[in-house]
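K.L.:
Sequence plus predicted model, see below.
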Amino acid sequence: MEVVINILFLLAALGVISSVLLQSSKSAGLSGAITGGSQTMFGKKKGVDDLLAKLTVVFAVLFMVLAIILTVLRA
């Protein structure tokens, strides 16, 4: 039982990492501060960004719940 939860925990951790890294940047960074953000971004995939944001929340909640379950099982 604990092995299955450990595998799910690892998959949730990898899911959080990958969903965060795949998201596009929300700010223009230093170049946006200097130029005033006048540059337009073409090809921005809003639907994919929304999906990745929701997946990040799901993976993060799953990660926290599994961490609590593993802590209780090992105590």
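P.N.:
Happy to help now that I have it. This is a predicted model, so every value here is computed, not measured.
K.L.:
could you pull out the helices for the chain?
P.N.:
Secondary structure of the chain by DSSP state H: the helices cover 2-22, 29-35, 46-74.
K.L.:
Mean pLDDT added to the ones you listed, as CSV?
P.N.:
Below are the helices of the chain laid out as CSV (pLDDT from 0 to 100):
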stretch, mean pLDDT
helix 2-22, 96
helix 29-35, 59
helix 46-74, 94
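K.L.:
Let me have those in TSV, extended by mean neighbour count.
P.N.:
Glycine gets a C-beta too; all of them are placed from N, C-alpha and C. Formatted as TSV, the helices of the chain follow (neighbours: other C-beta atoms under 10 Å):
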stretch	mean neighbour count
helix 2-22	14
helix 29-35	10
helix 46-74	13
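K.L.:
who touches L52 in this structure?
P.N.:
S19, L22, Q23 (C-beta atoms under 8 Å, 6 or more residues apart in numbering).
K.L.:
Relative to L10, which of those residues is nearest.
P.N.:
Using C-beta to C-beta, S19 comes nearest to L10 of the contacts of L52, at 14.9 Å.
K.L.:
Now do the contacts for that closest one.
P.N.:
L52, L55, T56, F59.
K.L.:
any idea how far D50 is from T56?
P.N.:
11 Å (C-beta to C-beta, to the nearest Å).
K.L.:
so what's in contact with those two at the same time?
P.N.:
By C-beta under 8 Å, 6+ apart, no residue touches both T56 and D50.
K.L.:
I'd say T56 and I17 touch.
P.N.:
No. Taking contacts as C-beta atoms under 8 Å, T56 lies outside contact range of I17: 9.8 Å.
K.L.:
out of the contacts of S19, who's nearest I7?
P.N.:
F59 (14.5 Å).
K.L.:
Contacts only, for that closest one.
P.N.:
F59 neighbours (C-beta under 8 Å, 6+ apart): A12, G15, V16, S19.
K.L.:
Check K54 too.
P.N.:
K54 neighbours (C-beta under 8 Å, 6+ apart): none.
K.L.:
how close does it sit to S19?
P.N.:
9 Å.
K.L.:
next one: V57
P.N.:
From V57 over to S19 (counting by C-beta to C-beta), the distance is 9 Å.
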